[in-house]
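Engineer: sequence and computational prediction follow.
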Amino acid sequence: MKNIERRLKKVLIDFGVDRHKISKDTDYYFDLNLDMLDLMGLAKKIQQEFAVHIPDNEILRMERISDTIYFLGKSSTGIYSQN
């Protein structure tokens, strides 16, 4: 899971999120002020990094970084194949 967290943090920073605001409890909407369009763009970056497909209904359920980590943890396709 640490590998997932590290890679997700890199994606978030590349997306423009302040590294000091990133924790498992960070809320995408309230803490990072992202809207649905931002979250869809972020999901695209995550899908590219982890070589997974995130269905739209899953994206809508992801409110916190921990939700994304949980989703990626249960998705086995491609997570450990990329650097």
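Structural biologist: Noted; the coordinates are in hand. Numbers count the residues shown, from 1 in each chain.

Engineer: all helices of the protein, in order?
Structural biologist: 2-15, 36-50, 56-61, 65-74 (DSSP state H).

Engineer: I'd like to know which elements the second one is packed against.
Structural biologist: Okay, so that is helix 36-50. Secondary structure elements in contact with helix 36-50, counted by 3 or more C-beta pairs under 8 Å, 6 or more residues apart in numbering; DSSP states H and E, are helix 2-15, helix 56-61, helix 65-74. Any C-beta I mention is one placed from the backbone N, CA and C, and that applies to glycine too.

Engineer: please redo it, this time with the cut-off set to 7 Å
Structural biologist: helix 2-15, helix 56-61 (3 or more C-beta pairs under 7 Å, 6 or more residues apart in numbering; DSSP states H and E).

Engineer: could I get the ones you listed as CSV with distance to Lys74, mean neighbour count and mean pLDDT?
Structural biologist: Conversion of the helices and strands packed on helix 36-50 to CSV gives the following (distance: least, C-beta to C-beta, whole Å; neighbours: other C-beta atoms under 10 Å; pLDDT from 0 to 100):
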stretch, distance to Lys74, mean neighbour count, mean pLDDT
helix 2-15, 11, 14, 95
helix 56-61, 10, 12, 91
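
Engineer: right, and the ones you listed - which one's nearest Phe50?
Structural biologist: Set against Phe50 and scored by C-beta to C-beta, the helices and strands packed on helix 36-50 come closest in helix 2-15, at 7.1 Å.
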